[in-house]
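Colleague: The following comprises the amino acid sequence and a computationally predicted model.
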Amino acid sequence: MSVVISGSTGINLVQAGAVPPASVLQIVSTLTSAQINQTANTTDAQLGGLTHTITPLGNNSKFLVTVRWFGEAASGWDICFNIHQDGVRVNSAGGRGTGLYMPTLSYFNDNNSTPEIATFSTLVNTSSTIGTPITYTAVVDANGSLSIWTNRTFGAPAGNFEVGTSEIIIMEVAA
């Protein structure tokens with residue numbers, strides 16, 4: 001049996017209790033292939049184009065936020081990735097050097113042709129309100145001032161070096 005979450009009647013089935021807890025209400029994503037160069041510093045900054053706004057279908061929903069990043073970082077061992085909800089870090093206490101994840105280094109000290117990758121996620125408990133948008137953003141901070149590329153290696157596009165895509169996926173789960 002399928003359940004229609006919104007229909008022509010205007011009845012919100014989540015509020016009416018017709019959707020069981022832990023049901024997936026919606027999944028949204030942003031996929032980017034834009035090759036973005038940025039400088040990561042000691043404070044959180046948006047990572048590439050990895051941001052998406054979701055408008056909740058339920059009150060007090062949970063949001064599973066997953067980030068998949070392809071790129072290359074100078075001194076990848078000196079950066080941390082986190083997720084912001086409306087500009088505030090979630091599920092990661094502390095400041096610089098505390099993170100949900102860091103890049104997986106595929107080859108030490110090759111800032112030309114060998115990409116790093118990162119795939120990380122966290123489940124965010126909110127006090128969401130139906131119809132009130134929430135913005136999730138992947139962020140990066142660094143131990144100093146470090147150059148990073150999103151969706152390419154430092155040497156691309158010359159020499160047939162690697163390029164790729166990155167994505168942020170947000171799944172709303174009923175409370």
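Modeller: Arrived safely, thanks for sending.

Colleague: got the contact list for residue 103?
Modeller: 69, 71, 73, 76, 79, 81, 116, 117, 118 (C-beta atoms under 8 Å, 6 or more residues apart in numbering). Backbone N, C-alpha and C define where each C-beta goes, glycine included.

Colleague: and those, which two are the farthest apart?
Modeller: Spanning the widest gap among the contacts of residue 103 are 79 and 117, at 13.0 Å by C-beta to C-beta.

Colleague: the more surrounded of those two?
Modeller: residue 79 (24 against 15; other C-beta atoms under 10 Å).

Colleague: Which residue is the nearest non-sequential neighbour of the more buried one?
Modeller: The shortest distance from residue 79 to any non-neighbouring residue, by C-beta to C-beta, 6 or more residues apart in numbering, is to residue 142 (4.6 Å).

Colleague: quick one: that neighbour from residue 38, how far?
Modeller: Taken as C-beta to C-beta, to the nearest Å, the spacing of residue 142 relative to residue 38 amounts to 10 Å.

Colleague: intersection of neighbour lists for these two?
Modeller: Common neighbours of residue 142 and residue 38 (C-beta under 8 Å, 6+ apart) are residue 148.

Colleague: quick revisit: closest to residue 128 out of the contacts of residue 103?
Modeller: Of all these, residue 128 sits closest to residue 81, with 23.4 Å by C-beta to C-beta.

Colleague: hang on, that closest one packs against residue 104?
Modeller: No - look at residue 81 against residue 104 with C-beta atoms under 8 Å: they stay out of range, at 11.0 Å.

Colleague: list the residues that contact both of these two?
Modeller: The contact sets of residue 81 and residue 104 overlap at residue 118 (C-beta under 8 Å, 6+ apart).
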